[in-house]
Structures are given as structure tokens and as C-alpha cells.
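Peer 1: sharing a sequence plus its predicted fold:
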Number of protein chains: 2
Amino acid sequence: MSILRNNSVMAALLDAHLEALSGEEALPPERIIAAVAQGRMALLGNPAHAGLEPKLIGQPARVKVNANIGTSPLRNVPREEMRKLAAALEAGADTVMDLSIAGDLAGIRSAMLAACPRPLGTVPLYAVAQRYLDAGEDPAGFSAKEILEEIAFQAGQGVDFMTVHCGVTARAAAWAAEEGGRLLGIVSRGGSILARWMRSRGQENPFLTGYEQILDIARAHNVTLSLGDGLRPGAGADAGDAAQWEEVVTLGRLVRQGRAAGVQCMVEGPGHVPLHNVEAQIRGIKSACAGAPLYVLGPLVIDSCPGYDHIAGAIGGALAVRAGADFLCYLTPAEHLTLPDEADVRAGVMASRIAAQAGEVALGRERAGARETAMSTARRRLDWPAMQRAALDPAAVCARRAEHAEEEACAMCGEFCAVKMLRAEPPRP
Amino acid sequence: MSILRNNSVMAALLDAHLEALSGEEALPPERIIAAVAQGRMALLGNPAHAGLEPKLIGQPARVKVNANIGTSPLRNVPREEMRKLAAALEAGADTVMDLSIAGDLAGIRSAMLAACPRPLGTVPLYAVAQRYLDAGEDPAGFSAKEILEEIAFQAGQGVDFMTVHCGVTARAAAWAAEEGGRLLGIVSRGGSILARWMRSRGQENPFLTGYEQILDIARAHNVTLSLGDGLRPGAGADAGDAAQWEEVVTLGRLVRQGRAAGVQCMVEGPGHVPLHNVEAQIRGIKSACAGAPLYVLGPLVIDSCPGYDHIAGAIGGALAVRAGADFLCYLTPAEHLTLPDEADVRAGVMASRIAAQAGEVALGRERAGARETAMSTARRRLDWPAMQRAALDPAAVCARRAEHAEEEACAMCGEFCAVKMLRAEPPRP
């Protein structure tokens, strides 16, 4: 029970929200307490985040979906990001990450925290590197101290979870970058910045050497650390190589250290993984990381469908959930091409929710199964309002039905409807 | 070698196209001949279909994708269907099925055959039932003779493959419809019409009792029979029940009978199957059906995402391909709601192509892997034209890049690009 015992901020938060969380997750309070205490479930919530409804991440709690938003140097329009935040929440994202890398990052973050009643995550390294880029300097010019200051600043602002790439060891980063090794080197923005920093100084990763100080900040605010996979494969061919596993093994050790210090840790996972390797990857990472909540990006089962990465990611995500992943980071149709717009955000959230539902049905989760039964029962009755209620996106049903809403059957079959065909009265046009 | 020996029409077609097919599939001619002779690969092509390029279906030939189009009683606009045909071909559909159920079906079919250089499939039962519906009569009022006449007529028109629901036995149809059995009864249009026909007359399925005559027609024109799964599950909960397996077992026997008669047979598969059952279903059906090419509809791993069935279908399709499915029928975002439009057709074809590619990569298929390698290599070089060439949909890459086409990195990361970050020179805005 080390985490709860050593983290009074989290203990108080859990106490205040336990009844609501128990209802929301349809799990007995004792089960939640035990899982949170062991670190197999994380309670996302920084008390400084006003208006927040904390969320539990870690099966058998419902699998959660995260939407990444944020400005980019080539499209830096904060009000668009605020609209994307609203779109993500409306589409059913459980958490949002502000990955802004251009503009007034502290101001954008503060506005998002105010507008987001669900946990908000960030990657503090971006803010540190951006200052150097904006000044026309090398983005890896920052000091270890600046990292800690930024993490503390954002924790004070109310950020609920932060990606910290503590597991990118100098050895693993060198392996990932070496000639004749990976097809695609390092593809994580954070991982590549740290690799640059370590290479230019010949020093170990400052997030790793400063891990104890990071833990102190995180514990004080109940910031959940999302131990980033800076060396995740960036091509299917690179999945499961030495650099990736070196980082995973390191993250597993950091999870144990974090738990002992009373800090909640999640582990971030791939990335780009071919279909036949998804289960092995997920089970391997969960084992190596002592069952910490696993937060995956996709995984993308193919690399050859830019413009449709939300679909490739949904395939991998569904398999990942079945194998034990707890938290899906969405991919949008814009991935690998450009900054997503509002429609992309909605498409990405829906694709991830579909993946989560498919995986949960396969796992026999009761509420996921009940939704399926409700839909099939409504279909047997041609009961369109009930279909809408059972649908992951009721609005999509409504929009598609609009033209023929008065018909009993759908406009694909009309009187050829198989359901109507077996009634005693023959169907009539 | 019974099929080739007993089907001179097909033997001549194979002879004429073997070299081209061998190149297209990157398979040695002997391997194609052996697979086609055994019935594990089908050569789709009716010599009466002018301008046709025949296609091989059956792994290790490339997994093929079919697009369903056609009029509906509530949206009967033949010129729209012709535009959808063009969209399907442009998006990369390997075959198209004309499932029209309203209007001048023979005329629409004839126009589609003329405009479609790839195999065209139909469901002859629809034309038979439609005549009765249009006359205000019971759609199951037709005679067994009318079915054979319609099949012969369409074979003469040049239809390359036809869905015939020969495996819907009276016993299985009764099981599927009985109280307290399935959640969703019979959902195949053909299956439900035949169930109605059998129930009202107390007779066995006319496609089954007339199978020998159907074989005679099919052999004369090298029409590939797509043995329809009229009792496929219509809800995840119904997958794998007695009615489904009774039909599968029947289809397996019909495959052997067809092969002995020199007729090419494919088997149609589900449908609605939860994620954890997809592999078992696919391997089970392939075994029971003597390795005949398997043509699946999805499978949809969840029922609760109307408006996004192409995504749920892509998840199931990828797993199905890995487990041995040979041919994917697309699902569009319109499925279960309305008739698809052109954009839906494109989205459906792309989702199925993604599923096929994901499954083929998992199977280690060489050309699928080469596409992935080409994409990852292009990404390492930030070589956008090469990425476009490697993409399943080059136009999507182009469209998304349009706004920032002059930039080396993508508009998501700009100078935060991980690839640029590890070059010696620091990235600059």
C-alpha cells in the first residue's frame, strides 16, 4: 500500500471522489483502493486543477482515450486549439494532452486547464526546448535545472499528468541512432531532443539523473508521471529492438522506484507495431513494468496509410486493449502529415473509442457487452431511438438517418429489409 | 486437378492470362495452376464480360477487396451508382458487386459490366424477388425455375461471380429464426428471403435442391459461385451458433461437389464476430470448406458504432486476413444506416485495403512488407514524393500536405521534427 501511504494528496483525492468513481466504473470501492495502492490503477487528478473530475486509468476500470491537441510552429492559432479541446471532450475523450510547441505555452496551458474538466496532460520538455528554438539557439541547449523548474511550474498550474522521458538512457539512445540499426531512428519529439542533449554533452539523460527530484514535485501535487517511450519504434520494422527494450526495462525499474516514493506512474507504449507483434509487445511491457497502467499510441499496425492512421491505430488499439493496454492515445487522419483540425480530432477520438470497445468486448467486460446487446436488440426491433442511445456516436446515427427518418427500415435495404422479411406480413414498398 | 480438367472455359481463360497474372501476383505460373486446380484459388472471369482483366482470389495471391454498390428502393438513381462504380475502381477495389434492388436491374447490370474492367458480382435472387415486390406481391412468391433462369440470364450477360445462398437449409433457417435463439435472427437479405420462401411452402431451399443445375450454368460461363452465408451472425452474440455452423458445414460439402463438377467456388463468411472469436471463425470455416477462398464481410468486431462500421470492419478484416481470409468485402460508414454515397465508397475501399495490408504484413507477404519499408525509408529521408508513392492513398498525402508543401518537415511538428532533431545542424524555424 506504499503509494497511498506515501502520497497524502492522492489519498485525500481518492477519499473525496471514491463514491463517484466507484459508480462511474461500476467497481467496488475496495477494488479501486487496492489497485490504486498497488499502482496498477492511476488516479489522475492534480488538486490545483480547478473543476476537475478525476479519472481512473488501469483495467478493469474502463479503458480511457486521450486526445492530443496543441499549437505547432506552422499553425499557431490558440483559439483553434480551444475549439479542438471542446471537440475532443464532446466526442468523448477522457483526457486531453496539450502538446503545444508554439506561442505562449503557459497561457495556452492555463486556458486549457480552465476549460477542461477532465485530466490534462503535458510534455514539459517541449516548453523548455521551445524557449531555445524561439531564441534561435540549439533546442537542446537547456540545463537539467530548467527541466525541474518547468515541471514544478506546470504542476503548480494544475497539470494532471506529464510525460517525462526518464527511460531514454544514453546507451539506448545511441543504439537507436546507430548506423545499420533502426530503419527510422528516433521518432519521439521528446526522445530526439534528449538524444541530442546527451550526444552533445556526453552526459546521461537529465530526466533520469533528476528522477528523485521529479518524484518530489510529482508527489506534492499528485501529478501522475507518464513515463514516456522516447525510443518507441517509428516503423513496424523497428518494433521490439534492443533500444526499445532497454528503455522498457528502465521504465519498469522507475515504476517501482516511483511507487516506493508514493508517486503514481503510467508507462507509455508504442507506436508502430505490426499486427502479429502487438500482443507480445503489450504483454511484455506490462510484465516488465510491474503491471503499471499502459498508455499506448495506436499502435499503428501499418505505416503505409497516411491520411488514415486513425484506422491503422484502431486495429492495433483493439488488439492492445485485449492484451492489457489501459489507455489509448488517439491518432487522427492528420498524423504524420499535418496538424489535426476539429474534424480530425473527432475522427481520432471515435476511432480510439471503437478500439477500446472492441477490446473490452473481447475481454468480456460487462458494460461493453451490455452496449452491444442493447444495439442488437434495438436492431431486431428496428427501434431507431434505442439504436441511437446504444451507439458510441448517437449524432452519427441521427445525421445518417435524416433523409429517411420516417422509414421503418434503413435506406440501404428499404422493403428488402431482412428483419421485415421474416414477419408474417410480407414487406411492401 | 478436377476443376481445370472439367472446366474448359476456365482452362482457356487461365491459359490466356497466366503470364499477366503471374506478374501481377508475383507468383510462379505453376503455383497458380496448382492452386486453381485444387480450388484453393479462384480465377474470377466470365468470358462474356467484355474488356475484363480476370483476378485471382485465394492467398498467397494478394488479398482482394470488393465494393458493394447498387440502387435501393429509397434511393434509386442509376447514374449515382455508375459514379460510385468509378469511385470504387479509382480507390482500388479489385472487384465490385452490383447489389441493386430497385429500377431496371438488367439495364443497370449491363451498364456496370460495360464500365467495369474488374470482376463484377451479383446476387441473382434479388432480381427474382424484386419482380414480385414491384408487382405488390410476396417477395418469396417466385419458383425454383425462375431462379435458374435468372442465373442463366446473368451468366449470359457476363457476370463474373454470383452469390448463391445454397447452404441455407430449412433446418438451419428454422434454428436461426426460433424463439429464444439468436439475438438478431437472420440479417442476410438473401437468407431472409429464402427462409420466408421455405417457411411458406414447407420445402427445402431451391438453391440447394437446384445446385446441380446451377453448377451446369456456372461451368458453361466460368461463373465463380460465391456460396453465400445467408445465416451469418447479425450480432456479435450470435457468432458461432448452430445455425451458422450448419450452413458452413453444408457449404463445405457444396464446395467439394462444385470442384468435382469443374465449378469454382468461394465461401462467404461473417459478418458480426467479436475480436476474440475472429481467428477461430476464420480457421474453422476454412477447414470445414476445404480451403476454398474465403470472402468475408468485415467482420465487424463491434455492433455499437454505426456511422463507423468501416473501422470496426477493418479491425476484424485485418485479423481475418491474418487467419486466412482471402477476400474482404468492404463496409462503409453508411452500413446499417443508409445507402453509401461516393465518399462512403472511397472510405470503405480504403479501410478494407488497410485491413488487407495489415493482415498481409503480419503474414510476412513480401510485397506488403516492401511497401512498409519504402514508407519508413522515405520518412527517414523526409522524402515526401517517395512517401506518396508508398502510400495506399497517395492523393490523401498530397491533399494534407497542400498547405505546407514547401516545408521539409510536416506541419504537426515543424522544427520540432524528431528526424531533423538528430542531424548535426540544429533545426531552425
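Peer 2: Now that the structure is in, tell me what you want to look at.

Peer 1: when you work out contacts or count neighbours from here on, use the C-alpha atoms and nothing else.
Peer 2: Noted.

Peer 1: nearest residue to A:E247 other than its sequence neighbours?
Peer 2: Excluding the flanking residues, the one nearest A:E247 by CA to CA, 6 or more residues apart in numbering or on different chains is A:G167, at 5.0 Å.

Peer 1: isn't that neighbour up against A:R253?
Peer 2: No. The criterion here is CA atoms under 8 Å, and A:G167 misses it with A:R253 at 9.3 Å.

Peer 1: ok, which stretches of the stretch 301-429 of chain A are strands?
Peer 2: A:327-329 (DSSP state E, counting those that start in this stretch).

Peer 1: and A:G240, how many neighbours?
Peer 2: 19 (other CA atoms under 10 Å in any protein chain shown).

Peer 1: shouldn't it be within a helix?
Peer 2: No. Read with DSSP: H, G, I helix; E, B strand; the rest coil, A:G240 is coil and lies in no helix.

Peer 1: ok, A:G167 and A:R253, which is more surrounded?
Peer 2: Counting neighbours by other CA under 10 Å for A:G167 and for A:R253 shows that A:G167 has the greater number, 28 against 15.

Peer 1: so who does that one touch?
Peer 2: A:L208, A:L227, A:G228, A:D229, A:G230, A:E247, A:V248, A:T250, A:L251, A:L254 (CA atoms under 8 Å, 6 or more residues apart in numbering or on different chains).

Peer 1: can you tell me the SS state at it?
Peer 2: coil.

Peer 1: how about A:A67?
Peer 2: Per three-state DSSP, A:A67 ends up strand.

Peer 1: look at it and report its pLDDT.
Peer 2: A:A67 is assigned 98 on the pLDDT scale.

Peer 1: and for A:I186?
Peer 2: So, for A:I186, pLDDT stands at 93.

Peer 1: ok so it is a helix residue?
Peer 2: No. The assignment for A:I186, made by three-state DSSP, is coil rather than a helix.

Peer 1: how about the helices in the stretch 301-429 of chain A?
Peer 2: Secondary structure of the stretch 301-429 of chain A by DSSP state H, counting those that start in this stretch: the helices cover A:309-323, A:342-362, A:366-380, A:384-390, A:394-401, A:418-421.

Peer 1: and if you look at the stretch 101-250 of chain A?
Peer 2: Going by DSSP H, counting those that start in this stretch, the stretch 101-250 of chain A shows helices at A:105-115, A:124-134, A:144-157, A:170-177, A:189-201, A:206-209, A:211-221, A:242-260.

Peer 1: any chance of TSV for these, columns mean pLDDT and distance to A:A378?
Peer 2: Converted to TSV, those look like this (pLDDT from 0 to 100; distance: least, CA to CA, whole Å):
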stretch	mean pLDDT	distance to A:A378
helix A:105-115	98	36
helix A:124-134	95	47
helix A:144-157	98	46
helix A:170-177	94	52
helix A:189-201	95	46
helix A:206-209	98	52
helix A:211-221	98	46
helix A:242-260	97	45
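
Peer 1: so which of these gets nearest B:V301?
Peer 2: helix A:242-260 (30.5 Å; CA to CA).

Peer 1: near chain B, which residues of the stretch 201-350 of chain A?
Peer 2: By CA under 8 Å from any CA of the partner chain, the residues of the stretch 201-350 of chain A that approach chain B are A:234-237, A:274-276, A:301-307, A:311-312, A:314-315, A:318, A:334-340.

Peer 1: 7 Å instead, please
Peer 2: Neighbours of chain B within the stretch 201-350 of chain A, by CA under 7 Å from any CA of the partner chain: A:235, A:274-276, A:301-307, A:311-312, A:314-315, A:336-339.

Peer 1: A:R283 sits in which helix or strand?
Peer 2: helix A:278-288 (DSSP states H and E).

Peer 1: residues contacting whichever helix or strand comes after that helix, please?
Peer 2: Using DSSP H and E, the helix or strand that follows helix A:278-288 in sequence is strand A:294-297. Contact with strand A:294-297 is made by A:266-271, A:286, A:325-330, as judged by CA atoms under 7 Å, 6 or more residues apart in numbering or on different chains.

Peer 1: run the chain-centre distance for strand A:294-297.
Peer 2: Chain-centre distance of strand A:294-297: 6 Å, with CA atoms, centre = their mean, to the nearest Å.

Peer 1: got the domain boundaries for chain A?
Peer 2: A:41-364, A:367-421 (automatic domain parsing).

Peer 1: what residue ranges in the stretch 301-429 of chain A score low on pLDDT?
Peer 2: A:426-429 (pLDDT under 70).

Peer 1: thinking again about what came up before, and the angle from the helix holding A:R283 to helix A:309-323?
Peer 2: 50 degrees (axes from the mean of the first three to the mean of the last three CA atoms, to 10 degrees).

Peer 1: give me the average confidence score over helix A:278-288.
Peer 2: For helix A:278-288, the mean confidence score works out to 98.

Peer 1: tell me what it is packed against?
Peer 2: Other helices and strands packing on helix A:278-288, by 3 or more CA pairs under 7 Å, 6 or more residues apart in numbering or on different chains; DSSP states H and E, are helix A:242-260, helix A:309-323.

Peer 1: how about the last one as PDB, C-alpha atoms only?
Peer 2: The C-alpha trace of helix A:309-323 is given here as PDB (Å, rounded to 0.1, in the frame of the first residue of the first chain):
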ATOM      1  CA  ASP A 309      -3.700   6.500 -39.400                       C
ATOM      2  CA  HIS A 310      -6.700   6.500 -37.100                       C
ATOM      3  CA  ILE A 311      -7.800   3.300 -38.800                       C
ATOM      4  CA  ALA A 312      -4.400   1.600 -38.600                       C
ATOM      5  CA  GLY A 313      -4.300   2.800 -35.000                       C
ATOM      6  CA  ALA A 314      -7.700   1.400 -34.200                       C
ATOM      7  CA  ILE A 315      -6.700  -2.000 -35.400                       C
ATOM      8  CA  GLY A 316      -3.600  -2.000 -33.200                       C
ATOM      9  CA  GLY A 317      -5.500  -0.400 -30.300                       C
ATOM     10  CA  ALA A 318      -8.200  -3.000 -30.200                       C
ATOM     11  CA  LEU A 319      -5.600  -5.800 -30.000                       C
ATOM     12  CA  ALA A 320      -3.600  -3.800 -27.400                       C
ATOM     13  CA  VAL A 321      -6.700  -3.400 -25.200                       C
ATOM     14  CA  ARG A 322      -7.400  -7.100 -25.400                       C
ATOM     15  CA  ALA A 323      -3.800  -7.800 -24.400                       C
END
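
Peer 1: all good on my end, thank you.
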